[in-house]
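*Asks:* Kindly return the folded structure for what I paste below:
(one chain, ligands or ions: 1)
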Amino acid sequence: MILIIDFGSQYNQLIARRVRECQVYCQIAPPSISEDEIRRLEPEGIILSGGPSSIYEKNSPKADKALLALGVPILGICYGIQFMVHELGGKVKRSKKREYGFAELNIEDASGLLKGVPSPTPCWMSHGDSIAALPPAFRCEASTDNTPIAVASDPNRRLFGVQFHPEVEHTPAGKIIIRNFLFQICGCRKSWTMKSFAKETEEEIRRSTDGQKVVLGLSGGVDSSVTAVLIHKAIGKRLTCILVDNGLLRKDEADQLKQTLRKHLHLNIRFVSARNRFLSALKGVTDPEKKRKIIGKIFIEVFEAEAKKIRGARFLAQGTLYPDIIESVSAFGGPTSVIKSHHNVGGLPKRLKLHLLEPLKYLFKDEVRRLGKELGLPEGMIWRQPFPGPGLAIRIIGEVTRKRLGILREVDAVLQDEIRSAGYYRKLWQSFAVLLPLRSVGVMGDQRTYEHIVAVRAVTSRDAMTADWARLPHKLLAKISNRIINEVDGVNRVVYDISSKPPSTIEWE
Ligand code: XMP
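*Replies:* Prediction:
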């Protein structure tokens, strides 16, 4: 495995991606990781990431210098090479001006890290400080016009560094550099495949649960479904899934979920219908945060009551993914970004005195989809767009009533149908409709109407942290609008949401 020390770069996840694309397993750790912990992990190599700080800033992140003497090959990227140079007796030059964008890399020594890289080659720079003098035994291997020391190494100690970012697409030879580091320098083998991951994780689940029972809150989304199937494969009937129908799901969704999950996946599932409980609690509530809190609270109560019926359960499984963990570990003081409070069972493990089981916690979303495929989940499940825990309640602005839920369900069904038939469902991160608390005047068959307005929202995104509104073809938008107004009683106007995130969010509430 490769250990990535996170100095706070926005590209860290990308480094992990690149390593895993080479079928080598990797983990990201904060700079505070101790020498002992590193030894225990037995990494074949360490990558020191970039970061926004200057090495001279008082609070800039520092790793334990001892890691440079472990004898493990190290690749420092941007801030990572500066940290290495600074700690080993070289000199980093402070600079107020950032060098940002393309530069041409001229290679002087292509024997090690840069083997097979054409010269010159474009590379992507994003740094303020730069290296003024190398530590003893280091040599310069490549430079750019503005950065005389752009690649440097001490091959005897197997320490390497690059000032640019090999992990980004803008450095076309970056993949060669990372491959050289992994295979030529660290001697890694290609062993990280979804098949091997599934096998090892199943074994680990069997080992850690040790004959005990596990409960899991199933939402029907890809993360919890893949988690369920993986655990089911490992421990069979010792896993019980609980699916709560909160009455806020989309049209026919609860029934479809039941069918797929039971028939195709043979999971042991308890369905809890709690529609009335949720709806009565939401009566008269219009404030978005209040709605979320009420739904979260009732969910926990319902889940808890059901989970308690499962005698002897010791574990609570969750479909937590890697980005959640990276954000919460975050490099230095405080998270880099606020995590959504969308872990609906948060707080439960303590109350129920259960241990957490999070078998997907080192995977990215697309890796989870690949794992789902490996485990035989139906395509329709693997490619479901994310759906928020509070469901349609946060897509009905104002009060949630049965009538308004009915309208939104019909609108949403038409929208999904059109998006799917146009071949856009998988291309979009999400596509959905929002029912507004407004009415507008229209005319239908010579009659004046005064009806509801719905907004259509379709976004592209990589990780939901940022998103852009989808440039859907006008023809498709026209068809969606026509069908909604013609087919759904009570709606006479459709608008398209053209806001990106930030500053807007994906959901309206
Ligand atoms: P926002 O609206 O904050 O949403 O841009 C980002 C992503 O998170 C989803 N979302 C939730 N998911 N429970 C969930 O399971 C929630 O409470 C929740 N709120 C937002 C949203 O659909 C989008 O994909």
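*Asks:* Does the residue in the stretch 1-150 of the chain that the ligand sits nearest to belong to a helix, a strand or coil?
*Replies:* Residue nearest to the ligand within the stretch 1-150 of the chain: residue 13 (16.6 Å; CB to the nearest ligand atom). Using the backbone N, CA and C atoms, a C-beta is placed for each residue, glycine as well. Assigned state for residue 13: helix (three-state reduction, DSSP: H, G, I helix; E, B strand; the rest coil).
*Asks:* With residue 435 instead?
*Replies:* Per three-state DSSP, the secondary structure class of residue 435 is strand.
*Asks:* can I assume it is in contact with residue 408?
*Replies:* Yes - taking CB atoms under 8 Å as the contact criterion, residue 435 and residue 408 are neighbours in contact, 4.6 Å apart.
*Asks:* intersection of neighbour lists for these two?
*Replies:* Between them, residue 435 and residue 408 share these contacting residues under CB atoms under 8 Å, 6 or more residues apart in numbering: 395-396, 454.
*Asks:* Surely residue 203 forms part of a helix?
*Replies:* Yes - assessed by three-state DSSP, residue 203 belongs to a helix.
*Asks:* Look at the closest residue to it other than its chain neighbours and say how many residues are nearby.
*Replies:* In this structure, residue 203 finds its nearest non-sequential neighbour in residue 234, 7.6 Å apart by CB to CB, 6 or more residues apart in numbering. By other CB atoms under 10 Å, the residues close to residue 234 number 21.
*Asks:* Pull the contacting residues for residue 234.
*Replies:* Residue 234 is in contact with 201-203, 205-206, 209, counting by CB under 8 Å, 6+ apart.
*Asks:* That one - that's part of a helix, no?
*Replies:* Yes - Residue 234 forms part of a helix when assessed by three-state DSSP.
*Asks:* near the ligand, which residues of the chain show up?
*Replies:* Applying CB under 6 Å from any ligand atom, we find that the chain lies next to the ligand at 340, 342, 386, 388-390, 430, 464, 501, 505-507.
*Asks:* Mind checking which of these are buried?
*Replies:* Neighbour counting over the residues of the chain next to the ligand (16 or more other CB atoms under 10 Å) leaves 386, 388-390, 430, 464, 501, 506-507 as the buried ones.
*Asks:* Can you classify the closest residue to the ligand within the stretch 151-300 of the chain as helix, strand or coil?
*Replies:* Of the stretch 151-300 of the chain, the residue with the smallest distance to the ligand, taken as CB to the nearest ligand atom, is residue 292 at 6.0 Å. When the structure is reduced to helix, strand and coil (three-state DSSP), residue 292 reads as helix.
*Asks:* Can you tell me how far the closest residue to it other than its chain neighbours is from residue 176?
*Replies:* Leaving out its chain neighbours, the residue that sits closest to residue 292 by CB to CB, 6+ apart is residue 390, at 5.4 Å. Here the criterion is CB to CB, to the nearest Å. By it, residue 390 lies 46 Å from residue 176.
*Asks:* Tell me how far the residue in the chain sticking out farthest from the centre lies from residue 125.
*Replies:* When distances to the mean C-alpha position of the chain are computed (CA atoms, centre = their mean), the maximum falls on residue 446, with 50.5 Å. With the distance defined as CB to CB, residue 446 ends up 66 Å from residue 125.
*Asks:* cool, and residue 192?
*Replies:* Distance check for residue 192 against residue 125: by CB to CB, it reads 30 Å.
*Asks:* do residue 480 as well
*Replies:* Taking CB to CB as the measure, residue 480 falls 44 Å from residue 125.
*Asks:* One more: residue 39?
*Replies:* Counting by CB to CB, the gap between residue 39 and residue 125 amounts to 34 Å.
*Asks:* the more surrounded of these two?
*Replies:* Using other CB under 10 Å as the criterion, residue 39 and residue 125 rank with residue 125 on top: 22 against 13.
*Asks:* what's that one sitting at in phi/psi?
*Replies:* phi -100, psi 150 (degrees, to the nearest 10).
*Asks:* That one against residue 100, yeah?
*Replies:* Yes - using CB under 8 Å, residue 125 makes contact with residue 100 at a distance of 6.4 Å.
*Asks:* which stretches of this structure have low pLDDT?
*Replies:* Regions of the chain meeting the criterion pLDDT under 70 cover residues 323-349.
*Asks:* Would you state the strands of the stretch 401-509 of the chain in chain order?
*Replies:* With DSSP state E, counting those that start in this stretch applied, the stretch 401-509 of the chain shows strands at 430-444, 447-460, 468-469, 491-496, listed in chain order.
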